[in-house]
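Chemist: below are the sequence and a predicted model for it; my questions follow.
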Amino acid sequence: MDGFKIIGISVRTTNKDNQSAKDIAELWGRFYGENLLQKIPNQLSQNVYSIYTDYKSNFTDEYLTIIGLRVSSLDNIPAGLVGREFGPEDFEIFTARGEMPKAIIDTWISIWQQGEKLQRKYSYDLEVYDENSQKGGLSEVKIFIATAKPDH
């Protein structure tokens, strides 16, 4: 995946004691409650990105979650929002299928269970919510996990 810029809102959280479930649910509530789909400038699409980055170590420790939209420029970041640029990365792609958010949670559990085999980089990972993410039991969301590709 090529690099991109995003503007959105963020929270620092951890998966310990199920804290991330509470924090990320509140972040999604803010994203839609504050009508950020209309407030973010320079949008490239209406696809919503949920990005996991700034990992303290791995998925068992603290990390930053950003929910936002891809943008063409970070020159005009509205007050209260964050803007970040992410570089190109190699990803393994997973697809969460079914009722959201249960399908997302189940897919992440599967990812975590793969452990070292997946060779995660912990640079940044993301979920992309497009038109297919709003189809009830037929919903699909792509999850991109940054991996260290072995040299050939």
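Modeler: Structure received.

Chemist: tell me the mean pLDDT for stretch 43-58?
Modeler: If you average the pLDDT over stretch 43-58, you get 97.

Chemist: who touches that stretch?
Modeler: Stretch 43-58 has contacts (Cβ atoms under 8 Å, 6 or more residues apart in numbering) with 6, 8, 12, 24, 31, 37, 61-72, 84, 86, 120, 122-130, 133. To be clear about C-beta, it is placed using only N, CA and C from the backbone, and glycine gets the same treatment.

Chemist: now, of the residues you listed, which are buried?
Modeler: With burial judged by 16 or more other Cβ atoms under 10 Å, the buried subset of these is 6, 8, 24, 31, 63-71, 84, 86, 120, 122, 124-129, 133.

Chemist: re earlier: in strands only, show me the contacts of stretch 43-58.
Modeler: Using DSSP state E, 6, 8, 12, 62-71, 84, 86, 124-129 are the members of those that sit in strands.

Chemist: neighbours of Ile93, just the number please.
Modeler: Per other Cβ atoms under 10 Å, the neighbour tally for Ile93 reads 10.
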